[in-house]
Each structure stands twice: as structure tokens, then as C-alpha cells.
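Asker: Sequence and predicted model, in that order:
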2 protein chains.
Amino acid sequence: MSITTARGFRSSGVAAGLKSTGKPDVAVVVNDGPDRHAAAVFTANRVAAAPVHWSRQVIGDGRADAVVLNSGGANACTGPEGFQDTHATAEHAADLLGVSGTDVLVCSTGLIGLRLPMERLLSGIRDAVGALSADGGPAAAEAIMTTDSVAKTAEMTGGGYAVGGMAKGAGMLAPGLATMLVVITTDAVLPQDTLDGALREAVRTTFNRADSDGCMSTNDTVILMASGASETTPEPAEFQERLRAVCADLARQLIADAEGAAHDIAIEVVNAASEEDAEEVGRAVARSNLFKAAIFGQDPNWGRVLSAVGTTGARFEADQLDVSMNGVQICRSGGIGEDRDLVDLAPREVRVVIDLHAGAETATIWTNDLTHDYVHENSAYSS
Amino acid sequence: MSITTARGFRSSGVAAGLKSTGKPDVAVVVNDGPDRHAAAVFTANRVAAAPVHWSRQVIGDGRADAVVLNSGGANACTGPEGFQDTHATAEHAADLLGVSGTDVLVCSTGLIGLRLPMERLLSGIRDAVGALSADGGPAAAEAIMTTDSVAKTAEMTGGGYAVGGMAKGAGMLAPGLATMLVVITTDAVLPQDTLDGALREAVRTTFNRADSDGCMSTNDTVILMASGASETTPEPAEFQERLRAVCADLARQLIADAEGAAHDIAIEVVNAASEEDAEEVGRAVARSNLFKAAIFGQDPNWGRVLSAVGTTGARFEADQLDVSMNGVQICRSGGIGEDRDLVDLAPREVRVVIDLHAGAETATIWTNDLTHDYVHENSAYSS
């Protein structure tokens, strides 16, 4: 049920002809309240798409009544005309829903640098509004897919309230591969400033640590909406934990479905002097093409791990670094450890643990390997 | 003639059995003076190989009598024993040459995390010293190859003195793909501090702007040695220009021979507010796997250029960015420009020009595309 697990929400997904395949490509999510609290986090890319510029304005007052999402076109790098297209999208949905256009968030995903076919999109929004239902979550999750092979949803219920979400894409918020769009709903009663803080904290350690290929999208958006329809006010810490769990679940699904990947790789940095150090080290390894190609080849090439660690400013001594892969400590004290032939890299999930011996902090970055299919899919995407 | 074009130098390359292929793998370069001035630049990687630690000490006094280079093993992440191996290498060469071990630079390249077969290496050094000759430059250039498909040399003569060089690798100094090793010789009469400044300046705009795959090696080393044998003292500016030309020639050869690449890509950033801004923007694009895969697919995907530019802190406005590929301005004012079908990406050399409209500074970063062969070669390298 994903985003319609929480009470107070209706959703839908329809085919508007934006995708040449004829698959669903327009989704609408409506918050029927009583609360319309919302928070959102956007790409840090300075070349942001028109819908990002628009939605940043909408979220400014902490209220959102609806979200319109389309696949089949990112509406990025489309100039003032592209922004007008987004504006028209929001106003059209608002008219149909009887709300204000300034309370309608817009998300787009697809190829950069192409105008959207507005006639089809507006017609599709009309269809989507007509199809809104309290069990429309799965249809919406399907309509936002681009190169995704499966729709991605998650939910947690209990204690009188629910948190549910949907996601598309294969990558991260900042940076991100292609576009990551996420909508999360809850029927908990929560003030807007609690939502905003909880979302930022949850994103920081989940979507922001899923780094499939190091590329940052122009369109990444994560939206959280609260309807209050459960009439339950959770403890903030409990809500935070549940929100984080839903985000982590969705982030893991994004990595598992990354374009062309053959391995999902958890890079766990332990005993760092700070969480920032741990994250910097994990990200440096996650962005080493040599390391990623080695994992594709099932080659436990720990030298490529160390050479990536060495590019960071994190606190460590080179002769104290330990590295293990799938439980085998192949690098000890910066040098040769266990026999590398003991490492089995056949399973899809790979766990690399890097011990900095510099403190007590930890962070895990998720990434993918670099494969022939990645090159194939990304060399042929727009042609 | 490469490094033996300049008078006062002898060199050689022999097969010592470090490579399983039986190809040459040990080279020696000797400066017979009268001057023994030298300068060197090393990888910025904090996980530096044993020969880098050693050579940093050797170069401290600005004097080097000889360089010993081996392929077939990087001697990186090999602990105190690896450092002792490098020390023994230098002392062995010094004994044979009748010089001090602390004046012998050592460079190694190959797989990280393996001890060198010292018996073979020391025996090979004896053979190489016996084979030293004033026309041994090409043999040395051949002996330092690893995955290189051709030996890389360059030279410029005139005005009574010469500058010559050899290089191996496919990438950059900081960062660098696999290991880049470069030795440059001159018979000009130049004080040591002139050498050092000239080398740093030349490297900054040549090797440091060749960024094949964003990975920084543990072993990168660029050495410049001056014999004074020509008895010619050039103008510093003229020498600087000639040294830069030789470095640029070698850097271009490294990109042209990058592992698995199908395109050499010049990313020229113009009208930047500073040279640093221009370099940051060029490097961000050079490190976008999505952009690099698109070029492999001959897809002029300028959206991927803009989304990489947007990740930087350089001064620009997103709606003022222009991008052209091979002469066609496909992005104008941050939006759609000329028809992308006009761009011909079939030639090996691709020129991307990014106009930031923020100043008058320029920098060009050279990189390669991301190909099936890159994935293949780097997923199978150590196995």
C-alpha cells in the first residue's frame, strides 16, 4: 500500500503518453488531512530542474496538499519555459483538486534538456485526479519508474499510526544517479518543524549514504507529508526511528535495483575519529572506479581500497589500516593479511569493513560495482 | 632517444623476470654530470608506496645520481619489509655505480600488496647497470611499461640544450590511474631550485590535468634531472616552456593510451572567474561516469555535463552556461541550443567547451570515456 498505508491520503498512477512505452507515467498524491504538514529535501545540485525550483517555494510554508509526479521527462535545463510548464502543472492539479497551486509540489524525472509534452501531461493529471483512491499507492509507485526494474515501496505500522513510502531511481540524493524521487506519508499528528528535522536526519544516514555512481541529479527530491488522520501523536524519537527505517528500506531497494549493477556493496568504516571522517572514507572508496570494477570481477583487490582511503583527509595512520571483505581480513596494519583467495565475492551483497583505528565512530556507505551493463545502459540511454 | 637525448645521461632496460610475460621490467638511469641536480613530485596519496617514501628522502637535498625503476610490482602496502626492499634496491645499485645509496631514487609499478621478488630484482639491476649506454633511453622506456600498449617518450632540442622524457601509465599524478612514472632529463645548466619550481609548475598544468579515471595511485612519481653537460644556461622562462611542452606531450600520450578508452576528451572550461574554478569544473565533468559512458556511446548528452558542473562551487549562474561538443553549441544559456544530432562523436578526440561567463580564466582537463574495455581490463587486472 506504500504511501496510502497511512490514513488521510489518496493516490493514483496513469499512463499519459509521456513514455514511448505507453507505461504509467503520471502520479498524484493528495493529503486529505486534517493536517497538511510537509517537509522536503532537494538535490544540492546548482543546476536544479524546474520542478525543484518550484517545489522549494511551495514547501517554504511547511504545507503541501498534493504532489504531482511524472516520469518520461526531467524538465531540467529547459529555461524559463520549463519553469512555466511546472507552474502550469501545479495550477492545473490545484484547480482539479480545489486547492491552491502554491500548495502543490511537483516532481519530474527522465531525460534532461527536453520540454515536457504539456498537453499530454495536463490531460494525464486530469485522469490521475479522477482515479485517486485510498489504495492507489502501488499505482503511483509504478508510474514514477524510469529505468527501475521494480516499483519500490515500504511501510511500517504500529502504535496507532503508519509511515509508508515509495521511491524511484537508483542512487542517492546528493549526489544521485539519474533522479531519485521519494514520497513518504504518515498519519501521525506531528508539528511541521518536527517533520522537517526528522526528515533531514533520516535522509542524512540513508539516502545520502547510498552512492551508486557518484553522480548528482538535477531533480532529486524527498517529500514527507503528515495528515494527522490517525489522531496519534508519537514520541518524536520513536517516529524518527520509524521514519529512518522506512528511508533505509527504500535506499537499500534503490541500490539493489541500480542500473546494470551485479553487486550491492556496503562499505562500513569503523573506529573513525568522527562520523564525518567515516563517511568521507566510505564515499572515497565508493567512488573508486578501479575498486568497483574489481568487485565486478570478484577480485578482492584491497590495494584499491587503501589507495582510495589514502586520498581522504580523515584521521588515520597508513600502517594501521585494516580491511576485510566478506569476513576475511585481507589487509592488516596497512599490509598483507589473510590469503585473498579465501574471499568469496560471488554473492550479490558484499561487505567491506575498513578499520581506521582512530576513534569510535562508524558510517556505512552503500554502492554498486562497475559493470559492462552499467556502461551499456548509460551509453545508450538517450539515443 | 627520450631520456638519453640530453648529454650526460646513460640508461638501460632489461628483463629480470618480475613480469610473468618475460618482457623487460627493470630500468636504470644514471646522471654522469657534471651537475647532479634533481627535483621530484610525488603522489598526494597518504597511502604511499615504499619507493615513494624512500625517494622523498633522497630528493631532500636536491641531488640524485641515478634512478632505478621496476615494473611487475608496486611495492605498496608491503609494510616495513617493503621499505627494506626499496632500501636494498637503492644500496645495491649504488654499490654497482660507485655512488651513495642516498642519491639513488627508486620507482616501482605494478600490483599493490605484493612483496617484490628481491633476488630477481637485484640480479636484474646488475644486468641493467652492465647494459647502461648513452642511447639506452628507448630500452628504459620499454622496461617501465605495465598495461601500456606503447612506450612513451618525448624530447625537445635547440639553443644548445635538450629536454627529454619517458612515461608509463594511463592517468594522472594526483589522482592517477594505476601508476604514472615519469623521468625527465636535461643537459642544461640550472640551479636546483630552478628545477624544482619549474617541475612543479609544469606538472600543475599537464600531468595534474590528465584525469583518466579519477583514481589516485600510491606510486606516482615525476623526476627531473639536470646534468649541466651542455654547458648552456637557458633563460628560466624558455626552459619552463620547453619543460612544459615535454610534460604536455607525455601527458597527452598517457591519455591516448588509457586502459580500455575509446575517446580522448578535452574538457575546456573558459571564461571562469579563476583558474581554480575552471579546473574544478573540468575535473567534475571528467569524473562523471554518466558523462563518460555517454561519450563512449557517442551520445552528446549535455545534460550530464550541466549536472556535473552543478556539483561544483565555481562561480557561475545556471542560466548562463553554454556547452559545445566538437564545435556544436548544444546548450545555450543553460537550456537547449543547437540540434544535438549535428554533433559527430565518432572521432577519437572529443572537445567539450564549457563557458561559465564568469571571468576570463581557462583550464583544460583531459580524460577518457568509460567503456566496456575499461571495465573488462580493470575487473580482471590482478586475477
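Answerer: Right, received. Where do you want to start?

Asker: Quick one: name the residues of the stretch 51-200 of chain A near chain B.
Answerer: The stretch 51-200 of chain A comes close to chain B at residues A:74, A:76-79, A:82, A:111-115, A:175, A:177, as judged by Cβ under 8 Å from any Cβ of the partner chain. The C-beta positions use only the backbone N, C-alpha and C, and glycine is treated the same way.

Asker: Buried ones only from the residues you listed, please, as a PyMOL command.
Answerer: Only the buried entries of those go into this PyMOL selection, using 16 or more other Cβ atoms under 10 Å in any protein chain shown:
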select buried, chain A and resi 74+76+77+78+82+111+112+113+114+175+177
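
Asker: tell me which of the residues of the stretch 51-200 of chain A next to chain B is nearest to A:Glu201?
Answerer: Nearest to A:Glu201 among those, counting by Cβ to Cβ, is A:Pro175 at 19.5 Å.

Asker: which residues of the stretch 201-350 of chain A fall in helices?
Answerer: Here the stretch 201-350 of chain A has its helices, by DSSP state H, counting those that start in this stretch, at A:236-256, A:275-286, A:289-296, A:302-309.

Asker: a markdown table for the residues of the stretch 51-200 of chain A next to chain B, including secondary structure?
Answerer: Shown next, in a markdown table, are these (DSSP: H, G, I helix; E, B strand; the rest coil):
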| residue | secondary structure |
| --- | --- |
| A:Ala74 | coil |
| A:Ala76 | coil |
| A:Cys77 | coil |
| A:Thr78 | coil |
| A:Gly79 | helix |
| A:Gly82 | helix |
| A:Leu111 | coil |
| A:Ile112 | coil |
| A:Gly113 | coil |
| A:Leu114 | coil |
| A:Arg115 | coil |
| A:Pro175 | coil |
| A:Leu177 | coil |
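
Asker: Now render the helices of the stretch 201-350 of chain A as JSON lines, adding mean neighbour count and distance to chain B.
Answerer: What follows is the helices of the stretch 201-350 of chain A, written out as JSON lines (neighbours: other Cβ atoms under 10 Å in any protein chain shown; distance: least, Cβ to the nearest Cβ, whole Å):
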{"stretch": "helix A:236-256", "mean neighbour count": "20", "distance to chain B": "16"}
{"stretch": "helix A:275-286", "mean neighbour count": "23", "distance to chain B": "9"}
{"stretch": "helix A:289-296", "mean neighbour count": "26", "distance to chain B": "4"}
{"stretch": "helix A:302-309", "mean neighbour count": "28", "distance to chain B": "3"}
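
Asker: got a markdown table for those, with distance to B:Gly158 too?
Answerer: Output for the helices of the stretch 201-350 of chain A, formatted as a markdown table (distance: least, Cβ to Cβ, whole Å):
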| stretch | distance to B:Gly158 |
| --- | --- |
| helix A:236-256 | 57 |
| helix A:275-286 | 44 |
| helix A:289-296 | 40 |
| helix A:302-309 | 40 |
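
Asker: Could I get these in TSV, plus columns for mean pLDDT?
Answerer: Below are these laid out as TSV (pLDDT from 0 to 100):
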stretch	mean pLDDT
helix A:236-256	94
helix A:275-286	95
helix A:289-296	92
helix A:302-309	92
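
Asker: Quick check: which of those is nearest to B:Asp35?
Answerer: Closest among these, using Cβ to Cβ: helix A:302-309, at 35.1 Å.

Asker: Would you mind measuring from A:Asn70 to A:Ala49?
Answerer: Using Cβ to Cβ, to the nearest Å, we find A:Asn70 at a distance of 12 Å from A:Ala49.

Asker: now swap in A:Leu199 and tell me
Answerer: Applying Cβ to Cβ, the value for A:Leu199 to A:Ala49 is 20 Å.
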